[in-house]
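> Starting from these lines, generate the structure:
(one chain, ligands or ions: 1)
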Amino acid sequence: MKITFFSTKPYDKTFFDNANKAFGFSMEYLDLPLSPHTAQLVSGSEAACIFVNDRADAETVNRLAKAGVRLLALRCAGFNNVDLKACQQAGIPVVRVPAYSPYSVAEHTLALMLTLNRKTHRAYNRVKEGNFSLDGLMGFDLHGKTVGLIGLGKIGRVTAQILKGLGCRVLGYDVATHPEALAIGVEYVPLQTLLSTSDIISLHCPLTPETYHLVNRDTIKQMKKGVMIINTGRGALIDAKAAIWGLKNEQIGYLGLDVYEEEADLFFEDLSARVIKDDTFMRLLTFPNVLITGHQAFFTQNALLNIAETTLHNIHAFAQGKPLENEVGLMG
Ligand code: NAI
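You can find the predicted model right below:
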């Protein structure tokens, strides 16, 4: 069976080639993202393998189906970029990697919190230049602070565990109740209570029509003045223009982003010699209390190994006609 990979980077090839020793698939790596224009490049492949910013909308899915694709394999957890209904209508099952390393994302979440708080990025540059002044570097103890986690799934719970270890009070809001979260000591509260009582708010829910722009002018107004907001979930959980408004009036004291609503045009590429035309993104970069990483929270060796093995295992199960344990249903 042949697989075409879209949006491939050299590290994907390394990990997938290695994992494929146990499977022996024929694999073609394309660096282009999947879109209606690139769908036809799958010729001869029964499976297309895509990542977070590949676009599997209805038009693309229909073109994939016409080109002979019978399986869409996501090498990530989130599937907000896939039109599941179109896949179902085209008879293309969708599989994903539901959990490859919740630790990778939770630990990066902590890195964003600590860096924003203790300003280690600024201290690093100062010390390199022989500037040992502490002015402007003052932080606060995380111990004793109240952190609100929106989404208490796999990543939210590991984040909760880490924060509990630091001595934080952890509030949680989720549409489901997870006994594991209660066992860690997370206090479930209504969303409004979480917004108005948390010193730090971190987003760990999926992007759905219900969570789109969950952080907007209205919800920002309900937060504590000077709140820290961290988003390692999906970009469109935050209305970026509303965040700029909140930063300008100092309602938001710190903003840490690993994801951005319009990241598909920016992230995973070296654009250092080009003019970036996204004014909202560029405005965000001008704030001293905003820290942005380019969707790297997942990026650990452990995660890449699990992603490659699980993705090929998913495709192998399909090829063998076995049940697809990681299939994404229409309800997610
Ligand atoms: P998960 O499925 O284990 O947990 C998601 C949780 O969100 C569930 O408990 C669910 O009940 C809850 N939820 C769903 N709708 C909600 C709503 N309207 N309000 C509040 N909670 C809601 O997923 P996991 O593995 O914890 O991942 C969470 C998200 O993190 C993914 O959907 C993905 O978007 C993002 N992610 C980001 C990565 C990165 O590199 N930055 C890597 C992996 C995932």
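
> what residues does the stretch 151-300 of the chain put near the ligand?
151-156, 173-176, 204-208, 210-211, 232-234, 258-259, 295, 297-298 (CB under 6 Å from any ligand atom). In short, each C-beta sits where N, CA and C put it, glycine included.

> Recalculate using a threshold of 5 Å.
By CB under 5 Å from any ligand atom, the residues of the stretch 151-300 of the chain that approach the ligand are 151, 153-155, 174-176, 204-206, 210-211, 232-234, 258, 297-298.

> Once you drop chain neighbours, what's closest to the most centrally placed residue in the chain?
With distances taken as CA atoms, centre = their mean, Gly233 lies nearest the centre of the chain, 4.2 Å away. In space, Gly233 comes closest to Leu203 once its chain neighbours are excluded; the distance is 4.3 Å by CB to CB, 6 or more residues apart in numbering.

> Isn't that neighbour up against Ala236?
No - counting by CB atoms under 8 Å, Leu203 sits too far from Ala236 to count as a contact (10.8 Å).

> So between those two, which is more surrounded?
Leu203 (25 against 19; other CB atoms under 10 Å).

> May I have the residues that are in contact with that one?
Residues in contact with Leu203 (CB atoms under 8 Å, 6 or more residues apart in numbering) are Ile150, Gly151, Leu214, Val215, Ile229, Ile230, Asn231, Thr232, Gly233, Leu237, Ile238.

> Where neighbours are concerned, which of these has the most?
Per-residue neighbour counts (other CB under 10 Å) across the contacts of Leu203 peak at Asn231, which has 29 neighbours.

> That one pairs with what?
Legend: beta-bridge partners of Asn231 under DSSP bridges are Leu203, Leu257.

> Can you name the residues that contact it?
With contacts defined as CB under 8 Å, 6+ apart, Asn231 is in contact with Ser202, Leu203, Val215, Leu237, Ile238, Gly256, Leu257, Asp258, Val259.

> Can you report phi and psi for the third one?
The phi and psi torsions at Val215 (degrees, to the nearest 10) take the values phi -90, psi 110.

> How about it, nearest residue that isn't a chain neighbour?
Ile238 (4.2 Å).
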